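J.: The following comprises the amino acid sequence and a computationally predicted model.
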Amino acid sequence: MIEINNIEGVYFVGIGGIGMSALAEYCLLKGLVVGGYDRTNSVVTKRLEKMGAVITYTDELSAIPSQFMENNGRRMVVYTPAIPGESVILSFFREKGFPLYKRSEILETLSASYETVAIAGTHGKTTVSTMTSHILKSSGVDCSAFLGGISKNYGSNLIMGKSSVAVVEADEFDRSFHRLSPSHAAITAVDADHLDVYGTVENMREGYSIFCEKIRGGGTLIINSEVLGKIRIPSWVRCYTYGMDEGANYRCSNIRFEKGVYFMDLSTPNGLLRDVEFDFPGYTNLSNFTAAAALALCCGATVEGIRLAGRTFMGVRRRFDIRVNRPGLTYMDDYAHHPKEIKACIASLLGYFGERKITGVFQPHLFSRTKDHAAGFAEALDQLDEVILLPIYPAREKPIEGVTSELILEKMKMPNKRLLKKEELVDYLEPSRLDVLVTIGAGDIDALVAPIEEKLKNWKGI
């Protein structure tokens, strides 16, 4: 276990990442000196700078703060695997002998002292983590949380609390979640993803089986009923299923949609909660809320807290995030980057907005994911009325020959489709031709959200 009590400063290489930024904010709140590098100036980095972090956006030695130029044994460096090994800044710290740790190693150390609730899954984990935290807070359980998105209720991806409970996301990329030893855990999905790391779906699911083995003795696993049978569950773990099927231990049923609000009955092993009100849009989120309620009940949540949280949950930025909602013109932004996530997002859009015309803008994330799932992306996007594809966001990867957004475009059957450069999009979007607009993707498409929102809000046509 990493000894961090005597550390006076931390430098984050990749500080703008959503997981890294939560750790950086934690360190700032603990009074540590915080520096960092990221290639993009974002809302997240601006927030950290206002809190006192010194951040650079160029991978050069001259940009490193003076406090981190020499290794005095009381400063450490945290980096994300998305940073290339040839990074100038990372190489400097390595040559100077600074202690270097992955983000997952720091999260392992911090979470070890808590009753940790860890949410894993190829999609849905950010929403379930945020919902779980909100249910606990609404129940009077003052939890902490390290989230993979900005909670709209709390205005941050870090929630600080005074109880012994901490909610964390269990990230499967780079097998990071194997460092956690949670008291309670959830698995939302095990669809094929990160095959650049695991090679095969079978290897990826074996990774989830190993994660289950990390659950502490007597701990609890809440698992999507669709996942049951696809991974191994240790004998010492109490396992409960959740979902909408009749056999699930935690089940949402009798779902009604009345005047823009969902109502459902929530079945639990200890009884039935009738007419739970859920004010947040998106049909898939009813299942997410069921998983969150099951987890929260393991940590002392109350029936009253569940009901209150259902009425007051405001969502997560970039998760079914409605930014403009004028009569005849709606704009929503979503982080979906896997075919199944996109299908779920579009299904929720169709259910919520009915027969309105939906235009989708999609930025594929990673060359490897595009190569593996081009047909799946095309099938999902074909459900829309109009699709605009942006170039692939590479993240940590180098290009793969022949893999571009055209792979998806060529497989799509719908006629109203086109490719645009990222810098062309805002000018191309004409509010008079739009009804419901959705931007989709996990890359830097988020930099377009604010200018699109401003353009649509300022339009005088309606």
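T.: Great, that's in hand.

J.: most distant residue from the middle of the chain?
T.: The centre of the chain is farthest from one residue, N72, which by Cα atoms, centre = their mean lies 35.7 Å away.

J.: Is that one located within a helix, as I assumed?
T.: No: read with DSSP: H, G, I helix; E, B strand; the rest coil, N72 is coil and lies in no helix.

J.: How about the contacts made by it?
T.: Residues in contact with N72 (Cβ atoms under 8 Å, 6 or more residues apart in numbering): none are found. C-beta here means a position set from N, CA and C on the backbone, and glycine is covered the same way.

J.: The lowest-mean-pLDDT helix or strand in the chain: what's the following helix or strand?
T.: Across the helices and strands of the chain, mean pLDDT, DSSP states H and E gives its lowest value to helix 195-198, namely a mean of 77. Note on helix 195-198: by DSSP states H and E, the next helix or strand toward the C-terminus is helix 201-213.

J.: just to revisit the earlier point, got the contact list for the least confident helix or strand of the chain?
T.: F173, D174, R175, V201, M204, G207, L366, S368, R369, D372, E397.

J.: Which among those residues count as buried?
T.: Buried members of these, scored by 16 or more other Cβ atoms under 10 Å, are F173, D174, R175, M204, G207, L366, S368, R369, D372, E397.

J.: Using a markdown table, please lay out these together with secondary structure and distance to M412.
T.: Formatted as a markdown table, the buried ones among the contacts of helix 195-198 follow (DSSP: H, G, I helix; E, B strand; the rest coil; distance: Cβ to Cβ, whole Å):
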| residue | secondary structure | distance to M412 |
| --- | --- | --- |
| F173 | helix | 28 |
| D174 | helix | 32 |
| R175 | helix | 34 |
| M204 | helix | 27 |
| G207 | helix | 32 |
| L366 | coil | 19 |
| S368 | helix | 20 |
| R369 | helix | 17 |
| D372 | helix | 17 |
| E397 | coil | 23 |
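
J.: Going by distance to M131, which of those wins?
T.: F173 (21.9 Å; Cβ to Cβ).

J.: State the distance from the closest one to G17.
T.: As judged by Cβ to Cβ, to the nearest Å, F173 and G17 stand 11 Å apart.

J.: and for those two, which residues touch both?
T.: With Cβ under 8 Å, 6+ apart, F173 and G17 have no common neighbours.

J.: Just the buried positions in the least confident helix or strand of the chain, please.
T.: L195, D196, Y198.

J.: Just the pLDDT for the closest residue to V165 other than its chain neighbours.
T.: Of all residues not flanking V165 in the chain, C143 sits nearest, at 4.2 Å (Cβ to Cβ, 6 or more residues apart in numbering). On the pLDDT scale, C143 is placed at 97.

J.: give the contact list for C143.
T.: V117, S133, L136, K137, I159, G161, S163, V165, A166, V167, C299.

J.: Do you have the helices of the stretch 201-350 of the chain handy? List them.
T.: Counting by DSSP state H, counting those that start in this stretch, the stretch 201-350 of the chain has helices at residues 201-213, 284-298, 303-312, 339-353.

J.: Including mean pLDDT and distance to L434, could those go into CSV?
T.: Shown next, in CSV, are the helices of the stretch 201-350 of the chain (pLDDT from 0 to 100; distance: least, Cβ to Cβ, whole Å):
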stretch, mean pLDDT, distance to L434
helix 201-213, 94, 38
helix 284-298, 96, 24
helix 303-312, 97, 30
helix 339-353, 88, 12
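
J.: Of all these, which one comes closest to N270?
T.: helix 284-298 (8.0 Å).

J.: re earlier: just the contacts of C143: which are in strands?
T.: V117, I159, V165, A166, V167 (DSSP state E).

J.: Closest to Y331 out of those?
T.: I159 (27.5 Å).

J.: Now do the same contact list for that closest one.
T.: S133, K137, C143, S144, A145, L147, S151, V167.

J.: now the first one: how far from T330?
T.: What it means is S133. 28 Å.

J.: which one of those two has more residues nearby?
T.: S133 (29 against 21; other Cβ atoms under 10 Å).
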